[in-house]
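K.L.:
When you get a sec, could you give me coordinates for this:
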Amino acid sequence: MNDRPPVIPTSRPQILLVSSAACGHCADAELVLEKARAEGLVDLEVVDAESARGSTLVARHRPAMFPLILLEGEFFSAGRLPRGLLSRVLGVARARI
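P.N.:
Take a look at the predicted model:
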């Protein structure tokens, strides 16, 4: 497994957030990522873990916790959103995340 974050192309990176109901980390991640989307930093798609697509992604990536976050289609994180890592990957100041 490669522990390095993926290299982001010059266009806005695609983030897929797979969330579960009554998940505090999911709600927090969605707020942060929605702000990043509103600022034009990312393209964001939110998928319910119980949906057909969400179930497929959960089966493939087997996250220990929610939310499952994919960046450019690759595993980025599971559980609490790593804001510092996200800011480095996006090349923005942490205060913007």
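K.L.:
ok, the one residue sitting closest to the centre of the chain - contacts?
P.N.:
Geometric centre of the chain, nearest residue: I69, 3.2 Å, by CA atoms, centre = their mean. By CB atoms under 8 Å, 6 or more residues apart in numbering, the contact set of I69 is 15-18, 29, 33, 76-78, 81. To be clear about C-beta, it is placed using only N, CA and C from the backbone, and glycine gets the same treatment.
K.L.:
any idea where the strands of this structure begin and end?
P.N.:
Read by DSSP state E, the chain holds these strands, from start to end of the chain: 14-19, 43-48, 68-71, 74-78.
K.L.:
thinking again about what came up before, okay if I get the contacts of I69 as TSV plus pLDDT and neighbour count?
P.N.:
Formatted as TSV, the entries for these read as follows, by pLDDT from 0 to 100; neighbours: other CB atoms under 10 Å:
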residue	pLDDT	neighbour count
I15	98	22
L16	98	22
L17	99	21
V18	99	26
A29	98	26
L33	97	23
F76	98	22
S77	98	19
A78	98	18
L81	97	22
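K.L.:
circling back to that earlier point, as CSV, the strands of the chain with distance to R62 would be great.
P.N.:
Rendered in CSV, the data for these read as follows (distance: least, CB to CB, whole Å):
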stretch, distance to R62
strand 14-19, 12
strand 43-48, 16
strand 68-71, 9
strand 74-78, 9
